[in-house]
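> Structure, please.
(one chain, ligands or ions: 1)
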Amino acid sequence: MNMHPNGYGIANGQLNGFNNVNGGGNVDKHTDDGRGIVEGNLYFSLTLFICNFCLQNASSQSLFHIVHKILDDSIENRKEDVPDRVACLLKSLVQLIEQRSSKQVEEFKKQNNLYKTREDKYQLKMGVFKTLVTGAMEENEVVCLLFITKDSYESAPAYKVNVFLQTEKTMVEEKKKLEDVELVRLRKENDDFNLEISKLKKELEVTRDAYEDRCLQLETHAMEIKSELEEKIINLEGLLTDSRKKVKEHEKFTESKFLRWKKKERGYKNFMNFQCGSLKELRMGSESIKQEVLMTQQIYSEEINQFGMKIQGLVDAAQNYHTVLTENRKLYNEVQDLKGNIRVYCRIRPFLKGQSKKQTTIEYIGDNGELVVTNPSKIVKDSHRVFKFNKVFSPAATQEEVFVDTQPLIRSVLDGYNVCIFAYGQTGSGKTYTMTGPNASSPEDWGVNYRALNDLFHLSQIRRSSFEYEIGVQMVEIYNEQVRDLLKRISSISHLKDVYLDFHTLGIWNSTQPNGLAVPDASMHPVTSTTDVLELMNVGLMNRAVGATALNERSSRSHSVLTVHVRGTDLETNAVLRGNLHLVDLAGSERVDRSEATGDRLREAQHINKSLSALGDVIFALAQKSQHVPYRNSKLTQVLQSSLGGQAKTLMFVQLNPDVESFSETISTLKFAERVSGVELGAARSNKEGRGVRELMEQVTNLKDSLTKKDEEIARLRVRKSSSGEQGSLRYSSSSPRNSMVDLQPNSTPPHDKSLNLGPKAASDIDNCSEFSDKQSETGSPHSTDEFRHPKDFLKQSGFVTTDGVNDDLEFLGLGDADSEDRLSDISDGGLSMGTETDGSMSSIVELTLFPETAKAPVEHRQKPIVPSKIPRPPQKTASSSQKPAAPSSQGGLIAPSRPSLAKGVPRTASSMSTYYRFYSRGLWVSMGVFSPSQKGSS
Ligand SMILES: Nc1ncnc2c1ncn2[C@@H]1O[C@H](COP(=O)(O)OP(=O)(O)OP(=O)(O)O)[C@@H](O)[C@H]1O
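You can find the predicted model right below:
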């Protein structure tokens, strides 16, 4: 127990216990259920008793503290309803405080009275002292008077009296002084007391005021709480009444329910009894059924076994069916390959950024190349259009996935096949994306071009132990019906920075060239690694004509053709394989109203659309197997002639824009693609030359050289003849067209010149050709370069033909016959004359420049006079045509370039040959033909 400074003892522990009871609210916890209330009340009474005992001993400050605590708790906990016992406690506390304060007031009053009495006492004492002082003074005077009188009377010595008086006086004065000091002290003490009293009075007043205020507050609060409690009590009473009512109702309800349940129980019992009876019956029944079921099961299991065996048979059949189906598919593909159908892969471009809300026209993409398109903005009956291609790539297809399906085709280039891959579709549909890719620096984005070349290098490396491959690249574009070299004047790849582009138009050479050079004047660049290709193609792409239209920010304004020439030598047999891969990124067809093209763009669009329409015409003619295929109507079809009409493997990527606004373009693109997929090119053939064939080819070259020499001799003789005075009515030149072209340039390099690059000399030959052809196109002549190669025109131009008719040289070429017109129509498209001629001239020039080691100096062969002085006529339509012609006297010799229509002894397939040679070599007659591209079917 601690002692409070005021003297009140506080049972701290008890008081703390009380605090816990009130502050912790443990007592209140049990107020919700009856047991809690009882226990709570008991506990509360006990606590109250202890508390009362404690409170009696507690200081007023502690009491105030308790009151504050209770009030703060109730405020803090936001308890609106203060429990009764807490309110009681509060009340008793307030009463105790009131008692204490009234006691204190009384005590203060008592003290005040005490001080007042003391003051009065001191006042009295002071009066007494004053009276005493006055009396003493008077007494002194009296004594003095008495002494004087006594002196006079008793005649006592005066000085003695005086001394005595003086002493007395001093004593009295001293006493007076002491009394004065005492008076002053008492007064001071009185003042101090007064001061203290006034202080105490003030303090008392302040305390009283505070206490009264506090009391007032507490009273007000207590009143409020009381009124609240009263309200709550009223509410609770109301609630209690309600709950009592409800309890009564519930009791009634429960009673009625109970009765009902009783009834039901009885019913259920009856029912259970009944059920038990039936269960017994059922058990008996089920026993009999079980037995029946067992019997049936046995029967079924036997039947199921039989079914199983049958199903097994069916499964086997189904498996076989799958195998057969796979085989069928394989066979179908093989048939397709044999027929040479153009493969068509369809790729759908995803919506670009910001187009996510657009509606798509693509409804279904099947695994086997089915594609269903519809116009979601115009849903009408039968609005779904179904197409089927070799493969359809969804918008989610990656560049890698697209390439994987293309790879086998590309790889066949290394086996000596000619392959053409071209992308077709409206502008902005993703042709460049598929062929080149959006970003050359990231291999994942690489398009077919980069991947194809990369793959070719990779494969050539794998095969390096058995094959030696050389790869060369050309890149041209057809811009506004002009063929331009995109890699012109790159002397070596390491000097790419010095690229200077000279966009002069190139001529298109005969597309039946065995080396596949459609544009031989375009620069050829040997490449040995992917890096070389990347650098070259970057230059090519930079030089390509692109422009912004409303439909594509970087719209290709030209058709680009990347040609990869591959030459492989079998290290074991020395056989040579030649394959060409044309990778064509066509410019997109566009509706000028949508692309908003004007000025240059409009002119470009017109050219693009015109050339694509020409491509459509060619495809249509090929699909219809027409006699005449209009390749010459555009430069594009001339360049692609060998891939569309030859024995190449051709793949077309049909690019689609899924946007509903492009629906009509999508439909026309798909229709075009459908038609393309129906075009049969004939079985692809590998350009494989065995040693024998190569030797024969060399012999042919030698023979041609000898012929040339002979021609020159004849020319010389004729010149001499004419100079000797003989009037020649004809302008005559004995040189062949080949020579005439080569001779256009005085410094032309002979065909056997060994230079790897298209150096100034070798190039000059080719340039001459291109210049020659350029002249035609540049002067705005309506005839294309090929038209110039129409044999008759060409020969007339070059002075081969007299106005009178056909001379011997023409006979030699087999063009002077009656049905030549017939053939010329073929030739005009097939490019016969040039094809034949360039076999030994232009093609070999280009070939020599690309693959220099093949160039063999024909000097030693030239020494041999192998050409007969008189060239025999081609076999006539007689029975003897089948007879073996007489062998020439020489070791080998060219007998005749035979015309198919005349060569009756020649097998049927030879009719597809534009020119047909027979010559004698090593005791054998060898037939050799050059095929016209317009002819289909295999030899
Ligand atoms: N498969 C694809 N995935 C993502 N974006 C693509 C895809 N195909 C095309 N694109 C994007 O579509 C836009 C147009 O593509 P691209 O330039 O290849 O079309 P195009 O058919 O070559 O057009 P044009 O004929 O006008 O040259 C480009 O921004 C391209 O990145």
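> Can you show me the helices along the stretch 301-450 of the chain?
399-411, 431-435, 448-462 (DSSP state H, counting those that start in this stretch).
> Throw those into CSV and include mean neighbour count, thanks.
Where C-beta positions appear, they are placed from N, C-alpha and C, glycine not excepted. Output for these, formatted as CSV (neighbours: other CB atoms under 10 Å):
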stretch, mean neighbour count
helix 399-411, 17
helix 431-435, 25
helix 448-462, 19
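> would a markdown table of these with mean pLDDT be doable?
A markdown table is the format used below for the helices of the stretch 301-450 of the chain (pLDDT from 0 to 100):
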| stretch | mean pLDDT |
| --- | --- |
| helix 399-411 | 89 |
| helix 431-435 | 91 |
| helix 448-462 | 89 |
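> Among these, which comes closest to the ligand?
helix 431-435 (3.4 Å; CB to the nearest ligand atom).
> From the contact counts, what lies against the closest one?
strand 418-425, helix 448-462, strand 576-585, strand 649-656 (3 or more CB pairs under 8 Å, 6 or more residues apart in numbering; DSSP states H and E).
> possible to save these as JSON lines with distance to the ligand?
Compiled in JSON lines, the helices and strands packed on helix 431-435 are given as follows (distance: least, CB to the nearest ligand atom, whole Å):
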{"stretch": "strand 418-425", "distance to the ligand": "5"}
{"stretch": "helix 448-462", "distance to the ligand": "12"}
{"stretch": "strand 576-585", "distance to the ligand": "7"}
{"stretch": "strand 649-656", "distance to the ligand": "6"}
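> so which of the ones you listed comes closest to Gly599?
Checking the helices and strands packed on helix 431-435 against Gly599 by CB to CB gives strand 576-585 as the closest, at 23.6 Å.
> ok, Leu216 - contacts?
For Leu216, no residue meets the contact criterion (CB atoms under 8 Å, 6 or more residues apart in numbering).
> quick one: average confidence on the helix or strand in which it is found?
Secondary structure assigned from DSSP states H and E places Leu216 in helix 158-339. When pLDDT is averaged along helix 158-339, the result is 87.
> just the strands in the stretch 601-750 of the chain please.
649-656, 687-689 (DSSP state E, counting those that start in this stretch).
> highest average neighbour count across those strands?
Compared across the strands of the stretch 601-750 of the chain, strand 649-656 shows the largest average neighbour count, a mean of 26 (mean count of other CB atoms under 10 Å).
> That one pairs with which strands?
If you go by DSSP bridges, strand 649-656 pairs up with strand 343-348 (parallel), strand 418-425 (parallel).
> Mind putting these into JSON lines with distance to Lys110 and mean pLDDT?
Formatted as JSON lines, these follow (distance: least, CB to CB, whole Å; pLDDT from 0 to 100):
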{"stretch": "strand 343-348", "distance to Lys110": "111", "mean pLDDT": "92"}
{"stretch": "strand 418-425", "distance to Lys110": "118", "mean pLDDT": "88"}
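> Please identify the most buried of those strands.
Ranked by mean neighbour count, with mean count of other CB under 10 Å as the criterion, the strands paired with strand 649-656 are topped by strand 418-425 at a mean of 26.
> ok, which stretches of the stretch 351-500 of the chain are strands?
362-365, 370-373, 385-388, 391-393, 418-425, 467-479, 482-485.
> For the fifth one, C-alpha coordinates in PDB please.
Coordinates of each C-alpha in strand 418-425 appear next as PDB, following Å, rounded to 0.1, in the frame of the first residue of the first chain:
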ATOM      1  CA  ASN A 418      15.300 -24.700-111.800                       C
ATOM      2  CA  VAL A 419      13.200 -23.300-109.100                       C
ATOM      3  CA  CYS A 420      11.100 -20.200-109.100                       C
ATOM      4  CA  ILE A 421       9.400 -18.800-106.100                       C
ATOM      5  CA  PHE A 422       7.300 -15.700-106.500                       C
ATOM      6  CA  ALA A 423       5.100 -13.700-104.200                       C
ATOM      7  CA  TYR A 424       1.800 -12.400-105.500                       C
ATOM      8  CA  GLY A 425      -0.900 -10.300-103.800                       C
END
